[in-house]
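A predicted structure for the sequence below; I have some questions about it.
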Amino acid sequence: MCLTWLKQSAFSGQLTALTNELYRLMKNFRDLKVWEKSHKVALRVYELTTSFPKEEIYGLVTQMRRSASSIPTNIAEGCGRGSDSQFAYFLNIALGSASELEYQIILSNDLRFVSDGNCQIILDELIEVKKMLSKLYIAVGRK
């Protein structure tokens with residue numbers, strides 16, 4: 001009975017209009033190349049850290065996985081916000097997480113947990129993500 005009233009009321013029309021406006025303001029993170037590339041980096045980090053020493057499972061492994069997953073997560077969260085300034089805020093957090101991960105990869109290589117070849121591959125991918133994030137951050141900030 002309540003649902004029938006809600007569907008027929010003027011409030012329902014206002015709610016639908018508000019919902020449609022929110023969806024218009026939100027961006028689909030899956031449409032962004034930077035999200036796609038950062039997701040691939042996160043997957044690579046998860047794969048790479050499976051071979052780390054067991055004593056690092058609660059240390060460097062966890063830190064690297066959190067940093068790596070934080071990049072696409074913050075892009076997605078920013079896309080779900082209703083303003084460009086909030087989107088830019090989350091892009092900036094993603095950029096910080098990318099820098100954090102960059103150092104952790106270098107550290108992993110210095111500790112010989114990651115080969116030079118694998119280190120270079122993932123660093124190249126990560127630097128590309130950082131460049132894309134920076135450009136997007138600047139573009140969103142200009143709006």
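Great, that's in hand.

can you give me phi and psi for the residue nearest the centre of the chain?
With distances taken as C-alpha atoms, centre = their mean, Pro72 lies nearest the centre of the chain, 1.7 Å away. Backbone geometry at Pro72, expressed as degrees, to the nearest 10, gives phi -70, psi -30.

residue contacts, it?
For Pro72, the contacting residues are 29, 35, 38-39, 42, 94, by C-beta atoms under 8 Å, 6 or more residues apart in numbering. Any C-beta I mention is one placed from the backbone N, CA and C, and that applies to glycine too.

can I assume Lys37 is in contact with Lys131?
No - using C-beta atoms under 8 Å as the test, Lys37 is too far from Lys131 to be in contact (10.3 Å).

closest to Leu111 among the contacts of Pro72?
Ala42 (20.8 Å; C-beta to C-beta).

What's the local residue count around Ser67?
The local packing of Ser67 (other C-beta atoms under 10 Å) involves 22 other residues.

picking up where we left off before, so between Lys37 and Lys131, which is more surrounded?
Lys37 (18 against 12).

I'd like to know how far that one sits from Leu43.
Using C-beta to C-beta, to the nearest Å, Lys37 is found at 11 Å from Leu43.

Point out where the protein drops to low pLDDT.
1-26, 143 (pLDDT under 70).

all helices for it, in order.
Under the criterion DSSP state H, helices of the chain are mapped to 2-8, 10-25, 33-49, 60-79, 84-110, 116-142.

Return the set of buried residues in the fifth one.
Put plainly, it is helix 84-110. 84, 87-95, 97-98, 100-102, 104-105, 108-109 (16 or more other C-beta atoms under 10 Å).

next one: the fourth one
Neighbour counts using 16+ other C-beta under 10 Å place 60-61, 63-65, 67-79 of helix 60-79 among the buried residues.

Report how many residues lie close to Glu47.
For Glu47, the neighbour count with other C-beta under 10 Å is 11.

Equivalent analysis for Lys33, please.
Count around Lys33 with other C-beta under 10 Å applied: 11.

Against Ser51, how distant is it?
Distance check for Lys33 against Ser51: by C-beta to C-beta, it reads 29 Å.
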